[in-house]
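Asker: Provided below for reference: sequence and predicted model.
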Amino acid sequence: MTYGAGGQCINDRNKSMKLLFDLLPLLVFFGVFSVYDIFVATGAAIVASLIQVGWLKFAGRKIETMHWITLGAIVVLGGATVLLQDDAFIRWKPTVVYWCFAAILFTTQILGRKTAIEYVMGNQLELPRQKWRVMNLSFGVFTLAMGFLNLYVAFYYGADLDPDIQRRHWVYFKVFGTLILTFVFIFLIMLVVSKDIKVKEGQ
């Protein structure tokens, strides 16, 4: 199926809107943190995550594994942060999410007929089986490493600084640093497999 300029524009716009929707809790967290504090921001992120999944359910849209894992982590760890007024729980949240994804990726790498990455992207792209496995393993290593990096920035980087400043450093890393690293990683891994990628018709 061939798209005209208008069809491609609509497709790109839909992808951009989906990305913004997926980032909604993170954007809400950062916006509220910029005005109030990490506890109010965490509460706002919990509400945003519940609204996000609730809207998907109400609209009959597919609720992806990513949404369920993120929702569970923010409700449990974010809830503990708000109730106990201890931000250590919310600082652990990205690591828990990353390591949940890593566990899924590594499990399907070893046991699955298809890798997790192929389940997610296989409807849009065609790749040789070995390339799917390379991508899946790479994402697994990346998410595992990002979990450790988050712990370092959350609890050790700038530990001698004022707690409010150190906390702000972590929030900026969580919002901007992880996004930049993720986009760079995706760009690099797509370069590695680019010569073998075929976009399926109708995508």
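Answerer: Structure received.

Asker: Please tell me how far stretch 69-87 is from the chain's geometric centre.
Answerer: Relative to its parent chain, stretch 69-87 has a centroid offset of 17 Å by CA atoms, centre = their mean, to the nearest Å.

Asker: do stretch 176-190 as well
Answerer: With CA atoms, centre = their mean, you get 11 Å for stretch 176-190.

Asker: And stretch 124-140, by the same measure?
Answerer: For stretch 124-140, the distance to the chain centre is 18 Å (CA atoms, centre = their mean).

Asker: and for that stretch, what are the contacting residues?
Answerer: 101-102, 105-106, 108-109, 114-118, 122, 185, 189, 192-193, 196-200, 203 (CB atoms under 8 Å, 6 or more residues apart in numbering). All C-beta spots, glycine's among them, are computed from the backbone N, C-alpha and C.

Asker: give the contact list for the residue most central in space within the chain.
Answerer: Centroid-nearest residue in the chain, with CA atoms, centre = their mean: Met66, separated by 7.1 Å. Met66 makes contacts with Asp22, Phe101, as judged by CB under 8 Å, 6+ apart.

Asker: And for Trp92?
Answerer: Leu77, Leu151, Ala154.

Asker: what is the rounded mean pLDDT of stretch 144-158?
Answerer: When pLDDT is averaged over stretch 144-158, the result is 94.

Asker: Check which residues of that stretch are buried.
Answerer: Of the residues in stretch 144-158, Leu144, Met146, Gly147, Leu149, Asn150, Leu151, Val153, Ala154 count as buried by neighbour count, 16 or more other CB atoms under 10 Å.

Asker: So which residues make contact with it?
Answerer: With CB under 8 Å, 6+ apart as the test, stretch 144-158 has contacts from 88, 91-92, 94-96, 98-99, 102, 165-166, 169-170, 173-174, 177-178, 181-182.

Asker: Skip ahead from the lengthiest helix in the chain and say which helix or strand is next.
Answerer: When the chain is parsed with DSSP state H, its longest helix is helix 129-155. Counting by DSSP states H and E, the next helix or strand C-terminal to helix 129-155 is helix 163-172.

Asker: Quick one: list the elements packing against the next helix or strand after that following helix.
Answerer: Using DSSP H and E, the helix or strand that follows helix 163-172 towards the C-terminus is helix 178-193. In terms of contacts (3 or more CB pairs under 8 Å, 6 or more residues apart in numbering; DSSP states H and E), helix 178-193 is packed against helix 129-155.
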